[in-house]
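Visitor: Structure of the sequence below:
(chains A, B, C and D)
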There are 2 protein chains.
Amino acid sequence: MARPKVEPGLEPNRRRELLRAAARLFVDKGFAATTTRDIAEAVGMRAGSPFYHFRSKQELLKAAMIEGLDSGLVRLLAAVDGVADPEMRLRRLVRTHLGNLLEDDCRSPMLIYESRALEPADRAEVAAAFDRYQAPWQATLDALAAGGRIASAAPPLRLLMFGMLNGCSHWFRPGGTLSVDQIADAAAGLLLGGGANQKSPDS
Amino acid sequence: MARPKVEPGLEPNRRRELLRAAARLFVDKGFAATTTRDIAEAVGMRAGSPFYHFRSKQELLKAAMIEGLDSGLVRLLAAVDGVADPEMRLRRLVRTHLGNLLEDDCRSPMLIYESRALEPADRAEVAAAFDRYQAPWQATLDALAAGGRIASAAPPLRLLMFGMLNGCSHWFRPGGTLSVDQIADAAAGLLLGGGANQKSPDS
DNA sequence: CATAACAAAGCAATCGCTTGGTTAATTGTT
DNA sequence: AACAATTAACCAAGCGATTGCTTTGTTATG
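Guide: This is a model prediction of the structure:
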């Protein structure tokens, strides 16, 4: 039943299947509550087979976090590509991030909260990936502050902002009364200082 | 080594010790990653002894959540007692909540995120305790909206707000560059629509 | 002497992970 | 083109450690 490999030296498909399934389970049940057997079953493997692709459960988490964040970053950069106005850039970042968080079936940004399960060395690598993810945000916030659109882009703002956005995954239910677009508008409205639930000017 | 109980029929002290230790460990390491032996060791007991006070590990979590939220609610109500201005009430709520979250050594509001470890019946009881905790918040937000101080007090606002506030426990470090008061001011400033990092008018 | 509050020991289940096959695809050789 | 050798990608089985929890015994107190 061995599957053909596409190219010698390239990653086979099943590794990515494992990463996606692991990310889903880690977000839904938590790292410690997810067994490697759960992950194997989710992709139709036997209990020991994931350890052919990953040396340990922690390595699976680390890979899911880093690769998930980096692919989310690609979507972020594509969303703000060519957009000059910093306010619009922020709205695009917020909307795209909520998409990564709530609509993408990996929901990778949520995995950062499982960093405590990693050892310091791995945690540092993950922190680096998260820094890359945060870079376009801070740049946009700085531009908004320079233009007088917000009062300050000092550290607490970005931290509070990510807490607010990431917290959505704890209560958001697809198909509920709130759409992702509505949440994105409400969050962006708060950040831009116009008071709660301000409509976005382009909708 | 049996300790005297204070009153027959009343709860002995060690039960509360267990609850405090369990809450700390559940917040720091997560419910699934915390063993009942960890909890026992934290209070100087042997591995099986906590099960004299609690029937199961889940019951320990449930009790820690409900009793922690209710004692935090007492502090909330005391902080806004006699305060008429809704803006000031919100500032007091924010500051007190961050105290419950970051300064109290139980940090009980964080435990809500471990609800997924409970069965639906227990989860409903915890949700009721959280509703009690949220009640003074929604009342204050409604008053602010009625006074035109914020644009709307519709559902996403409260949800985004708690996400923003509770998220602090993921990055806040006591003794760091940011004080709890500073964070509270920044968060309240965002909510009140004055833009980021607005100073509170009474400081 | 009865009870509250444990300690001591251990049990059954589950955990992450390893070991040793097995099979189909790929590669090398003639 | 034919055939052996190698390799990728698993499966089957299980090992040792850890888990939540139970059972029984102990001790101080009322």
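Visitor: Helix, strand or coil: sort out the spatially most central residue of chain A for me.
Guide: With distances taken as CA atoms, centre = their mean, the residue of chain A nearest its centroid is A:Pro109 (2.3 Å). Here A:Pro109 takes the helix state, with states given by DSSP: H, G, I helix; E, B strand; the rest coil.
Visitor: how distant is stretch A:36-47 from the center of its chain?
Guide: Counting by CA atoms, centre = their mean, to the nearest Å, stretch A:36-47 is centred 24 Å from the centre of its parent chain.
Visitor: Residues touching the host helix or strand of A:Arg95, excluding its own?
Guide: Following DSSP states H and E, one finds A:Arg95 within helix A:86-98. Contact with helix A:86-98 is made by A:72, A:75-76, A:79-80, A:83, A:109, A:136-137, A:140-141, A:143-144, A:147, A:149, A:165, A:168, A:180-181, A:183-185, A:187-188, A:191-192, A:200, A:202, as judged by CB atoms under 8 Å, 6 or more residues apart in numbering or on different chains. Yep, even glycine has a C-beta here, placed from its N, CA and C like the rest.
Visitor: List the buried residues of the helix ranked longest in chain A.
Guide: If you go by DSSP state H, chain A has its longest helix at helix A:120-146. Of the residues in helix A:120-146, A:122-123, A:126, A:129-130, A:133-134, A:136-137, A:140-141, A:143-145 count as buried by neighbour count, 16 or more other CB atoms under 10 Å in any protein chain shown.
Visitor: Please compute how far the helix or strand following that helix lies from its chain's middle.
Guide: Following helix A:120-146 in sequence order, the next helix or strand is helix A:155-166 (DSSP H and E). Here helix A:155-166 is found 14 Å from its chain centre; the criterion is CA atoms, centre = their mean.
Visitor: What mean pLDDT does helix A:155-166 get?
Guide: Mean pLDDT, computed over helix A:155-166, is 94.
Visitor: tell me what whichever helix or strand comes after that helix is packed against?
Guide: Sequence order places helix A:168-171 as the next helix or strand after helix A:155-166, per DSSP H and E. Counting contacts by 3 or more CB pairs under 8 Å, 6 or more residues apart in numbering or on different chains; DSSP states H and E, helix A:168-171 packs against helix B:155-166.
Visitor: List of residues touching the helix it packs on?
Guide: Residues from elsewhere that reach helix B:155-166, judged by CB under 8 Å, 6+ apart: A:160-161, A:163-168, A:170-171, A:177-178, A:182-183, A:186-187, A:190, A:196-197, B:94, B:97-98, B:101, B:109-110, B:112-113, B:134, B:137-138, B:141, B:150, B:187, B:190-191.
Visitor: Now do the same for A:Val94: its pLDDT.
Guide: A:Val94 is assigned 98 on the pLDDT scale.
Visitor: A:Gly195 too?
Guide: Predicted confidence (pLDDT) for A:Gly195: 48.
Visitor: repeat for A:Leu10
Guide: With respect to pLDDT, A:Leu10 scores 49.
Visitor: Could you do A:Arg55 as well?
Guide: 97.
Visitor: tell me the SS of it?
Guide: coil.
Visitor: For chain A, which residue gets nearest to DNA strand C?
Guide: A:Gly48 (2.3 Å; CB to the nearest atom of the strand).
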